[in-house]
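# Give me the fold of what follows.
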Amino acid sequence: MKGVLTAISLIALCFAAQRPGATFLLIPPSAKATGMAYAYTAICDDASANYYNAAGLAFLTAPKITANYLGYKTGLSPDMHYVYCGLAYPLSKSAWGFDAIYFTPGKIEKIDEEGNYLGDDVVWRLALKINYSRKISNNLSLGIGWKFIKQQYGMWDPWGWPRDETGFSWAFDFNGLYQILPNFSLGTVLHNIGPNISYLDAGASDPLPRLFRLGVAYKPIDNKYFSCSLSGEMTKVLVSMFAQEENSFWENLKYEFKEAWKGIGLELTFYKIVSLRGGYFYDYEGMRKGFTFGGGINVKNFELDIGIDEKIFDFRTENRRVSLSYTF
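As a prediction, this is how the structure comes out:
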């Protein structure tokens with residue numbers, strides 16, 4: 001046992017001095033999930049399962065598509081925009097899924113070596129992913145996803161590409177969803193498992209924001225008049241773990257648990273048309289904590305949702321996601 005703990009500590013220390021790149025992958029999509037404090041890993045009943053837990057795709061009964069827009073942290077910059085699109089296509093016992101993330105933190109000024117202003121460049125990030133999931137049994141599904149990640153300053157220029165500041169990487173996601181009871185489920189995910197994102201400039205690189213998610217969901221009431229869903233989730237960033245070398249393994253482990261993101265969510269749906277959502281999110285190290293809320297309306301296979309999480313930040317901002325989904 002002592003040898004195992006020593007090995008875990010050594011592995012963790014390899015990442016202790018590092019900070020992740022491609023952090024736009026940590027921005028959660030879906031207005032529904034946002035209203036429930038992102039506690040969505042064990043629910044995954046729409047196309048945003050491509051992001052939260054692709055194993056949930058195999059439990060869908062019809063193809064779904066969703067699009068999500070967010071003006072991100074407008075209190076810091078009005079030019080930060082986040083767009084997410086997802087498509088789910090279930091088969092008899094399996095499913096395929098596709099999604100795309102586009103994020104821009106705004107523009108930067110271009111200055112040459114002599115200090116001359118050369119104009120502005122748009123900074124942007126892109127992630128494209130394909131997912132596959134399959135039911136192992138009636139109540140257990142496993143999934144895997146592969147994503148391509150690109151970061152660049154300036155517009156895509158096929159004649160001048162690649163640029164020195166361009167960054168590339170790829171990663172796998174590993175997903176599991178287990179319906180312990182018809183109304184109680186457990187979900188777990190490993191996100192962004194892949195090589196560092198490498199930049200053409202001087203061969204620099206940053207580790208990807210590798211994540212572990214564990215979530216539970218319980219639906220005590222579900223009928224045509226009213227349904228109620230409760231969910232809870234813990235998310236751990238696996239980069240820079242066990243950074244305090246002077247602490248013992250157990251002291252570091254206690255801190256890592258404290259530092260993990262935690263969220264609880266509630267959804268109330270009336271007549272399968274109108275939904276109200278609320279949640280509470282806590283991130284000790286990131287100094288984010290507070291209530292989230294939102295709602296949605298479902299009419300003739302179309303669903304319009306809004307999720308608001310601006311109260312979790314310690315500065316004044318607007319952070320309001322809008323999602324439009326369709327079930328075929």
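# Is A62 part of a helix or strand, or is it coil?
Following DSSP: H, G, I helix; E, B strand; the rest coil, A62 is assigned to coil.
# Which residue is the nearest non-sequential neighbour of it?
Nearest residue to A62 in three dimensions, chain neighbours excluded: T327, at 5.3 Å (C-beta to C-beta, 6 or more residues apart in numbering). Where you see a C-beta, it was placed from the backbone N, CA and C, and this is true even at glycine.
# So for the one you found, what's the pLDDT?
On the pLDDT scale, T327 is placed at 97.
# Over to T74?
For T74, the pLDDT comes out at 89.
# Can you check my assumption that it lies in a helix?
No: checked against three-state DSSP, T74 lies outside a helix; its state is coil.
# Excluding residues flanking it in the chain, which one is nearest it?
E318 (4.7 Å).
# so the one you found sits right up against D309, yeah?
No: using C-beta atoms under 8 Å, E318 makes no contact with D309, being 10.3 Å away.
# what about those two, which has more around it?
Neighbour totals were compared for E318 and D309, and D309 leads with 26 against 13 (other C-beta atoms under 10 Å).
# nearest residue to the more buried one other than its sequence neighbours?
T292 (4.4 Å).
# State the distance from that neighbour to K32.
11 Å (C-beta to C-beta, to the nearest Å).
# Then A47?
Relative to K32, and taking C-beta to C-beta, A47 is found at 11 Å.
# Where does the prediction get shaky in the stretch 151-300 of the chain?
153-165, 200-203, 243 (pLDDT under 70).
# need the contact list for the residue nearest to T74.
E318 makes contacts with G71, T74, G75, E310, as judged by C-beta atoms under 8 Å, 6 or more residues apart in numbering.
# Ramachandran coordinates for the last one?
With angles defined as degrees, to the nearest 10, E310 shows backbone torsions of phi -60, psi -20.
# these two touch, right, it and N319?
Yes: the criterion here is C-beta under 8 Å, and E310 meets it with N319 at 4.0 Å.
# Between those two, point out the one with more neighbours.
Under the criterion of other C-beta under 10 Å, the comparison of E310 against N319 puts N319 first, with 20 against 16.
# wait, isn't that one in contact with K73?
Yes: counting by C-beta under 8 Å, N319 touches K73, with 6.2 Å between them.
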